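Using only what follows, build the 3D model:
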Amino acid sequence: MNTRHSTHDSAADEQAALWAARLDGSSLTTADRNELDAWLAANSNHRALLSEYCQFSTDLEADLPALVQRGTLKMPASEKPQRGLPGLKWFAGFAFAAVAAVALVMWIGRPSTQFQDVATSVAQRQTMTLADGTRVEMNARTTIRVEQTASERRVRLAEGQAFFAVTKDSSRPFIVETPAGSVQVTGTAFDVHAAAASQLVVTVVEGSVLVRPREAAASGSVSPVSLRPGERLTAGPAGVSIDRLSDDAIESALAWRQGVVVFDGVPLDVALAQFAHHHGIGIDVREGVAAHRISGRHSIDDLNGFVSFLDQGFPVEVTRGLSGTITVRLRPNR
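From the prediction side, this is the model:
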């Protein structure tokens, strides 16, 4: 996973500023180190936040003399800053909290929009909690950008699939944007799959959502569509369709959250394409293989197990090239 944070939570920010000051100004004891490790482990955002404050303390170095001269930051008379001492080390041992407070004020004084970029790699899923308490579960090869302001919460889903359990906040709508359209809610649970730049699939589990598909080639401009629990919208070049799903169908559609893919009479080439995308490898499917169909639940992470299953349960043979590419062809008649 690749993450960049520019968010702030007041308590976490204050603690990160204090730790940054302590790291820059003194050596930590074993007890201090254990306390820091526990704080970092408590939330996946803490490590990135601490890293940003450590960098910020370095950037603050040039401004500290002016802050002291203007009286913004006062030092004890017995301690005078020595020329050349970097950043927060000026205040090691007695005033790191004051420096952290100044850094915090300057930090929070930046533009109020909060950003967070997250990306998952091949064969990787990730669960995260946003600053507002919303839980996001990301499938493999998914990229999102989170933007939160005082008036709205916005997630840009560039590609991939994510499940959202949105914390209710009527004053700040939650919007998911994709290349193929957007989804707006205030608090609900739903799944968004941006399969391609022109395709969007939205499945609602709880609450209601308002979907605004982009223009579809076959139908032209599309009006916003309201979805209720158990409904799935599919939008693409061929137009927009809405299906009512059974509980079992919803469970199958969201099985990816447990690392499972469910097939129900799916052509083998379609099933293999899902594994190829998930693992980021090439699978060459030869003529005739698509005529065979597959059903059942399979671990999407277990490529070798799935290939062995095909080799044993279907009239196909599977070979691997030196580059890792997999070829699936019909088994010759003997």
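
Look through this protein and tell me its longest strand.
strand 153-165 (DSSP state E).

What is the distance between that strand and the centre of its chain?
Its chain's C-alpha centre and that of strand 153-165 lie 7 Å apart, by C-alpha atoms, centre = their mean, to the nearest Å.

and if you look at stretch 256-264?
Taking mean C-alpha positions (C-alpha atoms, centre = their mean), stretch 256-264 and its chain are 19 Å apart.

can you give me the end-to-end distance of that stretch?
Start-to-end span of stretch 256-264 (C-alpha to C-alpha, to the nearest Å) is 15 Å.

Now do Ala253 against Ala197, distance only.
As defined by C-beta to C-beta, to the nearest Å, Ala253 lies at a distance of 21 Å from Ala197. For every residue, glycine as well, the C-beta is placed using N, CA and C.

More neighbours: those two, which one.
Ala253 (16 against 12; other C-beta atoms under 10 Å).

where exactly do the helices run in the protein?
Taking DSSP state H as the test, the helices found in the chain are 10-25, 30-42, 44-60, 64-70, 96-108, 247-253, 268-279, 303-313.

for Leu40, what are its contacts?
By C-beta atoms under 8 Å, 6 or more residues apart in numbering, Leu40 lies in contact with 46-47, 50.

Apply 10 Å and report the result again.
Taking C-beta atoms under 10 Å, 6 or more residues apart in numbering as the contact definition, Leu40 lies against 16, 19, 46-47, 49-50.

How much space separates His298 from Phe306?
As judged by C-beta to C-beta, His298 and Phe306 stand 6 Å apart.

do the same with Ala194
Separation of Ala194 from Phe306 (C-beta to C-beta): 24 Å.

hang on, the earlier thing: name the residues contacting each of His298 and Phe306.
261, 271, 274-275.

Dump the residues you listed into CSV; add pLDDT as well.
Below are the shared contacts of His298 and Phe306 laid out as CSV (pLDDT from 0 to 100):
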residue, pLDDT
Val261, 97
Ala271, 96
Gln274, 95
Phe275, 96
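
just these now: which is nearest Gly160?
Closest approach to Gly160 among these (C-beta to C-beta): Gln274, at 13.1 Å.

That closest one: how many residues sit nearby?
As a burial measure, Gln274 scores 17 neighbours (other C-beta under 10 Å).

Give me the spatial nearest neighbour of it, chain neighbours excluded.
Spatial nearest neighbour of Gln274, chain neighbours left out: Val261 (6.0 Å); criterion: C-beta to C-beta, 6 or more residues apart in numbering.

Equivalent analysis for Arg293, please.
Gly265 (4.8 Å).
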